[in-house]
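**Q** return a 3D structure for these sequence lines:
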Amino acid sequence: MTFEDIVGQSDVKERLNKELAQNRVAHAIMLCGPEGCGALPLAISYAQMLLGDGIMAEKLQHPDLHFAFPIYNKSSKATYCDDFIKEWIEICLTNPYFGMEEWMNACGAINQQLLIYEKESDAIYKKLSLKSSQGGYKVLVMWLPEKMNATCANKLLKLLEEPPAKTVFILVSQQPDKVLPTIRSRCQMIECHQLTTKDVEQTLVSKYNILEAEAHRLAKSCAGNMMAALRAIQDDSEAKMFFELFVNLMRLSYARRVKEMKQWSETVAALGRERQKAFLRYCQNMIRENFIYNFNKHEELNYMNESEANFAVKFAPFINENNVIGIMDELSTAQRDIEQNANPKIVFFDFSLKMIVLIKNR
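**A** Residues are numbered from 1 along each chain as shown. All right, here's what the predicted structure looks like:
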């Protein structure tokens, strides 16, 4: 993987190239940006550049290249990232723009909370304290340092304060504000911006052979998230399912059919937490699109597909200045509760009941 393979982020590429050429490589950097912006492929590509050309680096099997990422405990014994390294390398090579949803599927996590555990910091310390096998840099790429537990974070901090010789830490964060402040202060912070619609559209056409009209629609709807665009291509059935669930909820709420709403909440609760969060993001997007539809029905401001747009013709008037903020607030609250492992049946039933009042507030 090279910088040329990465969508957009020209300013970040230029900066990293310049620092490497001038031999001003920082011992610790944190690439910060939202899911799908390309921060992880940038980190991997930069690590390969530091380690030099070669088949081992290309295949992510270089002895001086190390990874840390969120995992779950497979058994009562301590589990390390190396226990998942085969799955990690495979997904990095085949789809480096992946998000947590894709990683959970790849590593076999089902309704698991993924973390970087305390024991991982001990493994990292042992790896990095060894002499470089090739005489050059040793590189650690850590994906989502915000997933470290407190003990692990404090141990990593000590490594960052007194790094082994010729060791480079590349951290990739989607929520840098949740990373230990003292860790952030010891890293060179580099912002990876959300991709432009044009960047995503061109990539879909040139690399994935998507027709220009469809690529244009997908690029606009994914809001700069390359992974979201790829998800839309790969899993159209899930988008249809989310649309049907959304429409069903709105109709049941309007009709105040509480018994069926309870059944609806049980259906959503059975999806698993990552898909529940994805569904809530979908609902937020649909509420936004329908609110905008009231003011401007032109294509350039609306990113809905044909089925969604047809539904909006009659539904959009129910989303207005009197209730749009309340609905979005309730969706945000539901998403927060799901992320904090609240009972999904209660979360979604409570949300559906609140929609009875909000949807009538015209």
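**Q** going forward, measure contacts between C-alpha atoms and count neighbours the same way
**A** OK.
**Q** residue contacts, the nearest residue to Pro344 once chain neighbours are set aside?
**A** Of all residues not flanking Pro344 in the chain, Ala269 sits nearest, at 5.1 Å (CA to CA, 6 or more residues apart in numbering). Counting by CA atoms under 8 Å, 6 or more residues apart in numbering, Ala269 touches Gln276, Pro344, Lys345, Phe348.
**Q** among these, which ones are in helices?
**A** Members of the contacts of Ala269 lying in helices (criterion: DSSP state H): Gln276, Pro344, Lys345, Phe348.
**Q** what's the farthest-apart pair in these?
**A** Using CA to CA, the ones in helices among the contacts of Ala269 span at most 10.9 Å, a distance reached by Gln276 and Lys345.
**Q** what is in contact with those two at once?
**A** Val268, Ala269.
**Q** higher neighbour count, these two?
**A** Between Gln276 and Lys345, counting by other CA atoms under 10 Å, Gln276 is the more crowded of the two (21 against 18).
**Q** and the more buried one, how far is that from Leu42?
**A** Distance, Gln276 to Leu42, using CA to CA, to the nearest Å: 29 Å.
**Q** three-state assignment of Lys131?
**A** Here Lys131 is recorded as coil under DSSP: H, G, I helix; E, B strand; the rest coil.
**Q** equivalent analysis for the one 3 residues further on, please.
**A** Of the three states, Gln134 takes coil according to three-state DSSP.
**Q** follow-up on the earlier one: take the ones in helices among the contacts of Ala269 and write them to TSV, including distance to Leu115 and pLDDT.
**A** Listed next are the ones in helices among the contacts of Ala269 as TSV, based on distance: CA to CA, whole Å; pLDDT from 0 to 100:
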residue	distance to Leu115	pLDDT
Gln276	19	92
Pro344	21	94
Lys345	24	95
Phe348	25	96
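**Q** hmm, back to that, and the contacts of Ala269 as TSV, adding distance to Lys354?
**A** Output for those, formatted as TSV (distance: CA to CA, whole Å):
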residue	distance to Lys354
Gln276	18
Pro344	15
Lys345	14
Phe348	10
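**Q** which one of the residues you listed is nearest to Lys220?
**A** Set against Lys220, the nearest of those by CA to CA is Gln276 (22.8 Å).
**Q** need the phi and psi values for the closest residue to Cys192 other than its chain neighbours.
**A** Closest residue to Cys192 apart from its sequence neighbours, by CA to CA, 6+ apart: Gly33 at 4.8 Å. In this entry, Gly33 is assigned phi and psi values of phi 180, psi 160 (degrees, to the nearest 10).
**Q** ok, Gly33 - contacts?
**A** Residues counted as contacts of Gly33 (CA under 8 Å, 6+ apart) are Ala39, Ser173, Gln174, Gln175, Glu191, Cys192, His193, Gln194.
**Q** distance of it from Ala316?
**A** According to CA to CA, Gly33 stands 32 Å off from Ala316.
**Q** go on, Thr196?
**A** 27 Å.
**Q** same thing with Pro164?
**A** 59 Å.
**Q** ends of stretch 313-322, how far apart?
**A** One end of stretch 313-322 sits 19 Å from the other (CA to CA).
**Q** what's the answer for stretch 32-48, then?
**A** Using CA to CA, one end of stretch 32-48 lies 19 Å from the other.
**Q** now do stretch 25-34
**A** Taking CA to CA as the measure, stretch 25-34 stretches 24 Å from start to finish.
**Q** again, but for stretch 18-36
**A** The first and last residues of stretch 18-36 sit 24 Å apart, counting by CA to CA.
**Q** centre of the chain to it, how far?
**A** Relative to the chain's own centre, stretch 18-36 is displaced by 20 Å; criterion: CA atoms, centre = their mean, to the nearest Å.
**Q** do stretch 107-120 as well
**A** 16 Å.
**Q** quick one: contacts of that stretch?
**A** In contact with stretch 107-120 (CA under 8 Å, 6+ apart) are residues 68-72, 78, 80-81, 84, 87-88, 104, 145, 147-153, 272-274.
**Q** show me where the stretch 1-150 of the chain has its helices.
**A** Assigned by DSSP state H, counting those that start in this stretch, the stretch 1-150 of the chain shows helices spanning 10-21, 39-51, 55-58, 85-94, 100-107, 118-129, 150-161.
**Q** export those helices to TSV and tack on mean neighbour count, distance to Phe246 and mean pLDDT?
**A** Converted to TSV, the helices of the stretch 1-150 of the chain look like this (neighbours: other CA atoms under 10 Å; distance: least, CA to CA, whole Å; pLDDT from 0 to 100):
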stretch	mean neighbour count	distance to Phe246	mean pLDDT
helix 10-21	14	38	93
helix 39-51	24	32	95
helix 55-58	16	43	88
helix 85-94	15	31	94
helix 100-107	16	20	90
helix 118-129	17	40	91
helix 150-161	17	38	91
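**Q** figure out which of the ones you listed is closest to Ala215.
**A** For the helices of the stretch 1-150 of the chain, the distance to Ala215 is smallest for helix 85-94, at 20.6 Å, taking CA to CA.
**Q** what angle separates that closest one from helix 39-51?
**A** Computed by axes from the mean of the first three to the mean of the last three CA atoms, to 10 degrees, the angle separating helix 85-94 from helix 39-51 equals 100 degrees.
**Q** could you report the separation of Cys192 from Leu42?
**A** 9 Å.
**Q** same question for Lys277.
**A** Distance, Lys277 to Leu42, using CA to CA: 26 Å.
**Q** give me the low-pLDDT residue ranges for the stretch 201-350 of the chain?
**A** The stretch 201-350 of the chain contains residues with pLDDT under 70 at 235-237, 297-302.
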